[in-house]
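Participant: any chance you could fold what I've pasted below:
(chains A and B)
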2 protein chains.
Amino acid sequence: MSRMDPREIAFLLDEVLEVPGLLDRPRFAHLDRGAIDQVLETAAKLADEKFGPHYHEADKHEPDREGGTGKVVMIPQVKQAVDAFAEAGFLAAHHDEERGGLQLPWTVVQAAFSFFQTANIATAAYPFLTIGAANLIDSFGTEAQKQRYMAHMLTGRFFGTMALSEPQAGSSLADIRTLAVPNEDGSYSITGTKQWISAGEHELSENIVHMVLAKIKGGPVGVKGISLFIVPRYRVNEDGSLGDHNDVRLVSLLHKMGYRGTTSTILAFGEEGRCQGFLLGEPHKGLSYMFQMMNEARIGVGLGAAALGYAGYRYSLEYAKTRPQGRPAHAKDPASPMVPIIEHPDVKRMLLQQKAASEGALALCLLCARLVDEEKTAEEPEARKRAALLLEVLTPIAKSWPSEHCLEANKWAIQILGGYGYTRDYPVEQYYRDNRLNPIHEGTYGIQALDLLGRKAFMQDGAALALLGQEVQGTIKAAAEVPALAGYAAELGKALALVGETTATLGKAMAGGQAAPALANAVAYLELVGHTVLAWTWLRLALAASKALAEGRGDPDHLNGKLAACRYFHAWELPKIRAQAKLLQSLDTTTLETPAAWL
Amino acid sequence: MSRMDPREIAFLLDEVLEVPGLLDRPRFAHLDRGAIDQVLETAAKLADEKFGPHYHEADKHEPDREGGTGKVVMIPQVKQAVDAFAEAGFLAAHHDEERGGLQLPWTVVQAAFSFFQTANIATAAYPFLTIGAANLIDSFGTEAQKQRYMAHMLTGRFFGTMALSEPQAGSSLADIRTLAVPNEDGSYSITGTKQWISAGEHELSENIVHMVLAKIKGGPVGVKGISLFIVPRYRVNEDGSLGDHNDVRLVSLLHKMGYRGTTSTILAFGEEGRCQGFLLGEPHKGLSYMFQMMNEARIGVGLGAAALGYAGYRYSLEYAKTRPQGRPAHAKDPASPMVPIIEHPDVKRMLLQQKAASEGALALCLLCARLVDEEKTAEEPEARKRAALLLEVLTPIAKSWPSEHCLEANKWAIQILGGYGYTRDYPVEQYYRDNRLNPIHEGTYGIQALDLLGRKAFMQDGAALALLGQEVQGTIKAAAEVPALAGYAAELGKALALVGETTATLGKAMAGGQAAPALANAVAYLELVGHTVLAWTWLRLALAASKALAEGRGDPDHLNGKLAACRYFHAWELPKIRAQAKLLQSLDTTTLETPAAWL
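Facilitator: Predicted coordinates for the structure are as follows:
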């Protein structure tokens, strides 16, 4: 079992993300820094005591249908964990006090959540989805819907899901077939099959509230005809008590490579014609509503990938410190004692990759959470707009970069443990299997790349990317004044210029009828911008660490580690972007010009 | 189930590796091209019928100890498969006819073996190890040992293992503790514990012949005191009948992430003081003997990684051709039908990566097998020496490059299948789990990097690398004359120059007391040289395809696919080496200068 180092979160909140300043805002006036610490300590304790201990067990004994019945059973520790999570108030942590919430900054909520994801990503998925579904109702639901559904989700009486995909429509939501036919009482009759519905069936809560995308009969074709419905597993009476089963049937459980503790389901809605759905917001706006949840979920996926990367890093770090094997290159006398493998430079490389990937990804995702707080609570409307715009362009990166590079981190964690790491007696292989999901769900790697290049890079005449550039320039300017960081600042400046040139070339191509070759290599663009954003993140972390070191705050080893990881990232990682920029600028047509028959 | 495309092997043998010419040599005078085809067809048929069908089943029901006994039981299809393999003569395929072998070229044996590895890598591991162990006895054993052990391994009556690692000594063989004490009858008493012994216990054969590294009591410390012993599970009488159990006990089975069909064991030798070992060759030369097997095994690991990469490629290719999802960027009308996902450029990219990695790796490993044939059968001693030298420098690359990049290929195979690929209903997740072993066993990725940079690059004053350079230059020269390939030839020339410069810088550093920073980044060197070798391999394949196309041989789609993959490799992969060269030439000390306490 690996745990989040509290030094890590404290450093990010206090030295990087200016959370103490955030607490001065009216919404957070009831909080002080000590209250935040209490929240984080509670999260650490629950993660350690309730989530971590059954991580392996839940993988080994995945949820299953009880013989004969459709009931999904799982090891009891899962329910104990999610109950404890709800009891401590984490499901309602960012909600208004008047709704029973703790009214915490989203940054703190996400920081606290990273403890649970590090301890047990699969069990953490149940509250993760519930929080997301409740947020949707909070944003777009009527007061009656909030009372009837959301209120019970905040206490953990009901859990939630997001039900988008169908067997024939995964990435292509335009092609969903689930149908909603209006009833006289204002509800809709829902019929259709949804697939890959995580937490779609279980006995962890009294009820499950599915957020279902469906097409209202007679509406426009494609994404413009998609609406969003609240579809409970059991109907809910006005007084909150449960009514009839709502004709949502578990077709089957999906058996995954990893993330086994989280049920993944195929669900049939309305096979008996009795499935009631309740429209959320306006008709035909479902996809844009769902995108609120999805954008949140995407950053959450990034955070989960970071947490898994981090867990593997910490586990392999401890192993490397204690496993003796071999001798240094300059002292091969076999009569001399072996050294701990952390003394071998290539083991350090593997640790630094993991550190740079997972701590960098964690910082980036929490930075996104901080932007959510800014968007919601900044005094100046202009500041809110800027935060929202920056979040737009960072979201595909915060989702994808951790999914790819923290998976790589888990690969190196296994490698450090060698044969041991390849056995199921150690957790690193499970981190790797679990993390392999992250580049797939909530929009694949390729979809994120198209979102970044095809949508975000040129939105509002490139305003989002320009804003990101200004932020990066600000960090470069500050770092240029610190002698130890000036070299990195210069390299980041070059990287930013390369992003600029490349984007200009691609924009020109797209405007000039060359959209196909520009978009064909979108994944290379995602990598180019992603690595640049991480180099920026690392320079921010290094700046903050330098400052804290100079001013005598924090643990010097921990802070020096930040400088080392920044150095690693600039030496080993950032130079990789030149190859991507070259490919992109040449508008390479290899993929476009290879017919399927040649493959 | 995926299968090796027979066009692929025919192309490599006939158009690239000049196997028809090889058959003119005296050792192969009994063979013609038709006989080779028969062998390959038999391999394809057995792989399809006996190996492929239980690939998933053997993973799902991994070998286990029968309740109460130490007996290892597994699904019956494994024995049926290995029996059929032995019956068809594949265990003895390259051995002399007078020993009951088919006296086939090693290139053909390995090509045939790739069918089995593609179909079921875990079951193929049993014959793989047996062939390797028999080769050791063939090379270093006495005639009596060959009669008593090897003869029965060639028929499949006995199987073999290689028993090197111990719980405290994995990569560091200098530190093994297994002891051999001479007995009066010339045998040795063996005591010690071996770990990670694949195929170390099973009921697939009458006997298991362990090739065990041990230290003769009183011998030199470290690797210079290691000897090699034949240690059978059951003693073998002179007439070949089995005697007493030889005091080799299964301590436990190891439960792995993948490769589950192959038992991995901890074995205790001589707990009752009755374990007899028989010295192979001379005392204290065990490690150099074992390196013969290990070098073979390393290329075999590369071939296995290639086969897994290839299997995932073929599976995801078929899926991509038939799965409809989404529409092209220029035709987003949701009323239009969806297209097969192979029409999306990023899916083509993922297929091209897999194709370039797996077919390139397959070609490289078979090229190595061809060098083994050259080393053994070339008429001129000079040609034999050159082949051996080239093999030295290519071995760490043939082991490592496929292990890393075909694992990446399997990652993309999962990605193409999306959520489906992440479930255990499709084989791609198993390929990925199985392939994750390959960068670990038979010398880790880091060990291979040190072998390449610390030993091979500068052996015989750099003669091996210089020879590789000459071979690459030969290909460049030939490709420069083909207009469609001249651009690639020029790029490969630059890559070769970069390897040369970088090697010179590192050599100078090592000679000048800077060995630590030079060796610290050995993995970057392995990637630099590895990618250059693969670019060379792809140019060779493209040259051969061009020639065959021009001369009207082969399937044009298949041959054009080679040109497309060569193009992909040069556009997307080869440019990555500049970042590695830069890092290496700067003698970057990031890893060396990061103390453990900062991590």
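
Participant: for the helix or strand of chain A with the lowest mean pLDDT, packing partners?
Facilitator: Of all the helices and strands that make up chain A, strand A:64-65 has the lowest average by mean pLDDT, DSSP states H and E, namely a mean of 92. Packed against strand A:64-65 by the contact rule (3 or more Cβ pairs under 8 Å, 6 or more residues apart in numbering or on different chains; DSSP states H and E) you find strand A:72-73, strand A:248-253. Bear in mind the C-beta positions are built from the backbone N, C-alpha and C, glycine included.

Participant: now do 6 Å
Facilitator: Packing contacts for strand A:64-65, counted by 3 or more Cβ pairs under 6 Å, 6 or more residues apart in numbering or on different chains; DSSP states H and E, involve no helix or strand.

Participant: other residues contacting that strand?
Facilitator: Outside of strand A:64-65, no residue comes within contact range by Cβ atoms under 6 Å, 6 or more residues apart in numbering or on different chains.

Participant: what residues does the stretch 451-599 of chain A have near chain B?
Facilitator: Proximity of the stretch 451-599 of chain A to chain B (Cβ under 6 Å from any Cβ of the partner chain) is limited to residues A:519-520, A:523, A:557, A:560-561, A:564, A:567-568, A:571, A:575-576, A:579, A:582, A:588, A:590-592, A:594, A:596-599.

Participant: tell me the buried residues within the residues you listed.
Facilitator: Among these, those classed as buried by 16 or more other Cβ atoms under 10 Å in any protein chain shown are A:519-520, A:523, A:560-561, A:564, A:567-568, A:571, A:575-576, A:579, A:582, A:588, A:590-591, A:594, A:598-599.

Participant: can you list the domain ranges for chain A.
Facilitator: Annotated domains of chain A cover A:6-283, A:284-329+A:337-443, A:444-592 [the TED database].

Participant: end to end, how far does the second one reach?
Facilitator: Spelled out, that is domain A:284-329+A:337-443. Using Cα to Cα, to the nearest Å, the end-to-end distance of domain A:284-329+A:337-443 comes to 21 Å.

Participant: and the first one, by the same measure?
Facilitator: By Cα to Cα, the extent of domain A:6-283 from end to end equals 45 Å.

Participant: could you verify that A:Met153 is part of a helix?
Facilitator: Yes: assessed by DSSP: H, G, I helix; E, B strand; the rest coil, A:Met153 belongs to a helix.

Participant: any idea how far A:Gln103 is from the closest residue to it other than its chain neighbours?
Facilitator: Setting aside the residues directly before and after it, A:Met153 is nearest to A:Ala134 in space (Cβ to Cβ, 6 or more residues apart in numbering or on different chains), at 4.2 Å. From A:Ala134 across to A:Gln103, the span is 15 Å (Cβ to Cβ, to the nearest Å).

Participant: who's more crowded, the two?
Facilitator: Neighbours were counted for A:Ala134 and for A:Gln103 using other Cβ atoms under 10 Å in any protein chain shown; A:Ala134 has more, 28 against 17.

Participant: ok so, going back, need the residues that contact the helix or strand hosting the residue nearest to A:Met153.
Facilitator: Per DSSP states H and E, A:Ala134 falls inside helix A:121-140. The contact list for helix A:121-140, computed with Cβ under 6 Å, 6+ apart, reads A:51, A:58, A:78, A:81-82, A:85, A:91, A:116-117, A:145-146, A:149-150, A:153, A:159-161, A:198-199, A:204, A:209, A:211, A:259, A:261-262, A:280-281, A:289, A:292-293, A:296-297, A:300, A:304, A:308, A:434.

Participant: could I get the buried residue list for it?
Facilitator: Residues of helix A:121-140 classed as buried by neighbour count (16+ other Cβ under 10 Å): A:121-138, A:140.

Participant: please apply the same query to stretch A:7-18.
Facilitator: Buried residues in stretch A:7-18, defined by neighbour count with 16+ other Cβ under 10 Å: A:Glu8, A:Ile9, A:Ala10, A:Phe11, A:Leu12, A:Leu13, A:Asp14, A:Glu15, A:Val16, A:Leu17.
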